Structures are given as structure tokens and as C-alpha cells.
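>>> this is the structure alone, sequence omitted:
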């Protein structure tokens, strides 16, 4: 998994509406990447629902949250509507898992990204990263703690 202090690999991926989102366009902001295995899976549904609940507080703290999985944009759109979430979901669909591989969160055995969080500082450096044990939802408190550490540094 990508380590803190490493430059965050740039990427451009389509969101749920087909709009291209580039990490480089978010330079100057704190970005939280939420890698997750698949839309509509029970654990991923729970995870993104938790993050939607705290999204206003994350945004007040200056963080931009982006979900990333290997599902396509149309699947992301349906999943987002199903959840009633406003979190942008990015499709690491083709080439499959390319961004997850560059961040070191790709599971070759399963053909999906593992569940992981990466905080990218406004200067484009990885400030914090976390890989979740299988089937465990990484709580929002982990993100808040990472943002607090970043602010204290």
C-alpha cells in the first residue's frame, strides 16, 4: 500500500455521470480516496452510508471525499441513487484497477480494489493511508483522526 510521504499518483477517472475527475485538478485541497471492492455489496453499502452521514463534517474540515472501485460509471450512478449519497464515485474500470494498482490496493486474486483509505494533502503528497481487514468497515473516526493529525503537523 502507498505510504505517507509519497507523491500521490495522478489519475483521471470518469465519475458516475461520465465526467472526468483528475486528482491534479484538486491540488490545493485535502482529498480522501475511499477504495472499495464493489457497488451493491453489503459491506461497501454500509461503508459509504457511514461516510455519507459524516460528509458535511468532512467538508467543513476542508476534505473532498472520492469513492473509487472497478465498477463502471453506470453501475456507480445506480449505486449512488440506491444509497441516496452525494459522494462522487469514480470508475477504475478500464484498464481495470489501474489506479488501485498504482496505490498498492489491488487484489489480483479477487480482481478488485481492497478496502482502503488514502488522505492526500493539498501539496499532492500522501499524508496517511489505511488498509482495512477483509469485511471490516473502516470507521469515519479513522478519517477524522487522520485529518486532525494533518492539521496538527
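All right, it came through fine. Being a predicted model, the structure only gives us computed values, none of them experimental.
>>> okay, buried residues for the top helix by length along the chain please.
The residue-count maximum for a helix in the chain (DSSP state H) belongs to helix 42-60. Residues of helix 42-60 classed as buried under the neighbour-count rule (16 or more other Cβ atoms under 10 Å) are 43, 44, 45, 47, 48, 51, 52, 54, 55, 58. Placement of C-beta: from N, CA and C, glycine included.
>>> stretch 93-112 too?
Those would be 93, 97, 98, 99, 100, 103, 104, 105, 106, 112, for stretch 93-112 by 16+ other Cβ under 10 Å.
>>> dump the buried residues of helix 42-60 into a markdown table; add pLDDT as well.
Putting the buried residues of helix 42-60 into a markdown table (pLDDT from 0 to 100) gives the following:
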| residue | pLDDT |
| --- | --- |
| 43 | 88 |
| 44 | 89 |
| 45 | 90 |
| 47 | 93 |
| 48 | 94 |
| 51 | 95 |
| 52 | 95 |
| 54 | 95 |
| 55 | 96 |
| 58 | 95 |
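>>> hmm, which two among these are most spread apart?
43 and 58 (20.1 Å; Cβ to Cβ).
>>> ok, and residue 137, which helix or strand is that part of?
Under the criterion DSSP states H and E, no helix or strand holds residue 137.
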